[in-house]
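Participant: Here's a sequence, model it:
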Amino acid sequence: MKLEKAVQLLLYVGLFFILMGALIPKILLLTQLGIGLLAFSLASGFFISGFNSWERMSLLFRLIYVAVVAVFSVLAYFAIRMYIQ
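Facilitator: So this is what the prediction gives:
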């Protein structure tokens, strides 16, 4: 239950950072951080709801999960950089 609350908090923090990055365009880092947190929290929510808990996931699925989140975070970073330029 605590893990689900932490994921929900990450979702709200990510949305806040995206909003602040949109309101203050010079602070691109906030937008990138917000998108990374948003992607992480959404992916966490789907994985946790599918397996009911992080502890029940096998090591292979944990590694796949971390890899997918890392790839999407990097893609979001470069997409924003290309959009700005």
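Participant: Using the three-state scheme, assign A39.
Facilitator: In the three-state summary, A39 is assigned as helix, counting by DSSP: H, G, I helix; E, B strand; the rest coil.
Participant: I'd like the distance between it and F78.
Facilitator: In this structure, A39 and F78 are separated by 13 Å, where distance is defined by CB to CB, to the nearest Å. Every C-beta, even on glycine, is put in place using the N, C-alpha and C of the backbone.
Participant: With neighbour numbers in mind, choose between the two.
Facilitator: Neighbours were counted for A39 and for F78 using other CB atoms under 10 Å; A39 has more, 19 against 10.
Participant: Ignoring the adjacent residues along the chain, who's closest to that one?
Facilitator: Setting aside the residues directly before and after it, A39 is nearest to F72 in space (CB to CB, 6 or more residues apart in numbering), at 4.7 Å.
Participant: Let me know how buried that neighbour is, in neighbour terms.
Facilitator: Using other CB under 10 Å: F72 sits among 17 other residues.
Participant: That one is in what secondary structure piece?
Facilitator: Take DSSP states H and E as the rule and F72 turns out to sit in helix 59-84.
Participant: Give the rounded mean pLDDT of that helix.
Facilitator: Per-residue pLDDT values across helix 59-84 average out to 70.
Participant: go on, stretch 16-24?
Facilitator: Along stretch 16-24, the predicted local confidence has a mean pLDDT of 66.
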